[in-house]
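In: sequence plus the predicted model coming up.
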Amino acid sequence: MKTIKLSMAQALLRFLDNQYVSVDGIETKFVKGVMGIFGHGNVTGIGEALERSPGSLTFIQGKNEQGMAHAATAFAKQSGRKQIFACTSSIGPGALNMVTAAGTATVNRIPLLLLPGDNFACRQPDPVLQQLENPSDYTISAVDAFKPVSRYWDRIVRPEQLMTAALSAMRVLTDPAETGAVTLALPQDVQAETYEYPESFFAKRVHMIERRPAAADAIRRAVELLIGKRKPLLIAGGGVHYSEATEQLAAFASAFGIPVAETQAGKSVLPWNHPLNMGGVGVTGTLAANRLAQEADVIIGVGTRYSDFTTSSKSAFGNEDVQFININVSRFDSVKLDGIAVTADAKEAIAALHKALAEADYASGYADGELPSLKAEWDHEVDRLYALEHEEGLSQTLALGVINETLQPSDVIVAAAGSLPGDLHRLWRPVEPKTYHMEYGFSCMGYEVSGAFGAALAEPDKDVYAVVGDGSYLMLHSELVTSLQEGVKMTVLLFDNSGFQCIHNLQRGHGSDGFGNEFRFRNPVDGKLSGSYIPMDFAAHARSLGARAYTVHTAEQLREAILLAREETVSTLIEMKVVPGTNTAGYESWWRVDVPAVSVSPKVEAAHREMAEETGKARQL
């Protein structure tokens, strides 16, 4: 057996550089490169390997560990989970900064390979700088915090352990049903230790991402259920995108007259103006989709995990006889809501169900004009909101209307948290698939700018826009600098509404007078954060980093700034001063947020009674 002497870190990079995935016979190099921030826990190990023997892997210098891991997640998402960037950090705080991003990737079923440094395996210099010491269990380090947010976790304490760990990592990263964050803890001494690795370990490996077919019996049971149903509703989730099943879904819906509602991850599976596209469903859904959900006698969920926002905390489906058919590559998701589980690839399952329903001569039972009428009513409402002016300044919905009308059909928007996901889910009108990039599994504040950088890396021929509130921008915007460093242009559309206004609205809707959610000075009179708004010049901040920037106050200025930003050659920020509270509200939807039964405020107690009443109406399974 031929061997080659390498450090563990060198061997890891050589292995990663030779991993490929194959989908429908098309091979893609799986690991594009490594994003990293160096410290004493990785600089002389994996850092040396990246400097001296990176192979064809690209190195990108992160500015914040969480930010770069978000960027890697967005890159993998926008790449359809066919290509990734790994992320490396030092031990201690550098590693822990990536835990939030690990949770974000795992919840969203996105492959993310994390390579944090770890304590010395030999323990001889202990305790070293940034080392976490647990007196009752000395094997625990800061990197153990990744365990609950990782789909696979391993600590490599001997260099030869790399071989089984790396293969196990690839098994999870390339499995559509199991993928998420994978953490390989790399003790800093073991990174530098050498081993005679077999050359076969570094051979090109092609991981086959096979389309799991639907079981004939599952299709039979689904058809038997559908035959007796007249008002089906199809809910399209992110799995439709990952399976590349948008054309099959459109053909299926059209063939049987089945309306389609979209989750946040599924939005853009159909063009907004498709006659059967009823828009977002659930808490942030449209009036059309939510009314159909209430009356539906069967829900066909495709590639959705049925989050509480999709199901309106299980209150969205009001028909007592409603039943569920769940098409999902993961059985964990396909068995939800006590539905008929069709555990299969979305593209394969839709095609099989289409064939079987056609043979059964099935058609939905919606009345003539019912679906067009619902869609037309909602389209009119969007037109109204897109044109809605406010006497105090630029409204959020008007700003979104200008942006939507000015951007090109192929442009990609990235968002994650605050009031913007609700408005975008309801109002945004995408034309092309994968142009709506929403991280709403974790709704992680700070994902937006980093995610836009990652999406722009994945789609170099498209214009990418981060749609972000001032609260999220303040939390994490560091990868704006990385975009400038790498010459990867993105545009940040910053909605400045002076605070965490989404949660401000939520608390006021449940008995609060408003507390701790607006960016105000402390009032010396009452000692509370009730003074004037804190003035912030986000455009000046962006310019100080090297970006181009504009500040706008009107719809006309916004439209002009977008056109100017399109011509810029570097990342650009457009700061919009929008009136707080000018976002959309719910459309016949409900979200469970429990309220105390006892309070000094009668408003809170009244909100509790209302919440308890609605909770009693929700499904139990």
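Out: Good, I have the coordinates. Predicted, not measured: the structure shown is a model, and the values here were computed from it.
In: for the rest of this, base every contact and every neighbour count on C-alpha atoms.
Out: Noted.
In: pLDDT weak spots in the stretch 101-250 of the chain?
Out: Counting by pLDDT under 70, the stretch 101-250 of the chain shows no low-confidence range.
In: that one: strands as residue ranges?
Out: Listed in chain order, the strands of the stretch 101-250 of the chain (DSSP state E, counting those that start in this stretch) span 112-118, 152-155, 181-187, 194-198, 205-208, 232-236.
In: could you dump the ones you listed into JSON lines and include distance to His608?
Out: As requested, the strands of the stretch 101-250 of the chain are arranged in JSON lines below (distance: least, Cα to Cα, whole Å):
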{"stretch": "strand 112-118", "distance to His608": "40"}
{"stretch": "strand 152-155", "distance to His608": "41"}
{"stretch": "strand 181-187", "distance to His608": "38"}
{"stretch": "strand 194-198", "distance to His608": "63"}
{"stretch": "strand 205-208", "distance to His608": "52"}
{"stretch": "strand 232-236", "distance to His608": "31"}
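In: need the winner for burial among those strands.
Out: Using mean count of other Cα atoms under 10 Å, the stretch among these with the greatest mean number of neighbours is strand 112-118 (a mean of 30).
In: what angle separates that one from strand 181-187?
Out: Note on geometry: by axes from the mean of the first three to the mean of the last three Cα atoms, to 10 degrees, strand 112-118 and strand 181-187 are set 20 degrees apart in direction.
In: elements contacting strand 112-118?
Out: helix 65-78, strand 84-89, helix 93-96, strand 181-187 (3 or more Cα pairs under 8 Å, 6 or more residues apart in numbering; DSSP states H and E).
In: who touches it?
Out: Defining contact as Cα atoms under 8 Å, 6 or more residues apart in numbering, one finds that strand 112-118 is touched by 41-42, 69, 72-73, 76, 84-92, 94-95, 102, 105, 141-143, 173, 180-188.
In: which among these end up buried?
Out: Using 16 or more other Cα atoms under 10 Å as the burial test, these include 41-42, 69, 72-73, 76, 84-92, 94-95, 102, 105, 141-143, 173, 180-188 as buried.
In: circling back to that earlier point, and Glu199, which of the helices and strands packed on strand 112-118 is closest to it?
Out: When the helices and strands packed on strand 112-118 are ranked by proximity to Glu199, the top entry is strand 181-187, at 21.7 Å, counting by Cα to Cα.
In: residues in contact with the closest one?
Out: 41, 102-103, 105-106, 110-121, 143, 146-147, 149-157, 165, 169, 172-173.
In: in this protein, which helix has the most residues?
Out: Taking residue count as the measure and DSSP state H as the definition, the longest helix of the chain comes out as helix 370-386.
In: show the subsequent helix or strand relative to that one.
Out: Scanning forward in sequence from helix 370-386 by DSSP states H and E, the next helix or strand is helix 396-406.
In: report the rounded mean pLDDT for that next one.
Out: Averaged across helix 396-406, the pLDDT comes to 98.
In: which neighbouring elements make contact with it?
Out: Under the contact rule (3+ Cα pairs under 8 Å, 6+ apart), helix 396-406 is packed against helix 370-386, helix 555-567.
In: and these as a markdown table, adding mean neighbour count and mean pLDDT?
Out: Conversion of these to a markdown table gives the following (neighbours: other Cα atoms under 10 Å; pLDDT from 0 to 100):
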| stretch | mean neighbour count | mean pLDDT |
| --- | --- | --- |
| helix 370-386 | 16 | 98 |
| helix 555-567 | 16 | 98 |
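In: which one of those helices lies nearest to Trp591?
Out: With distances scored as Cα to Cα, the stretch of these nearest to Trp591 is helix 370-386 (21.0 Å).
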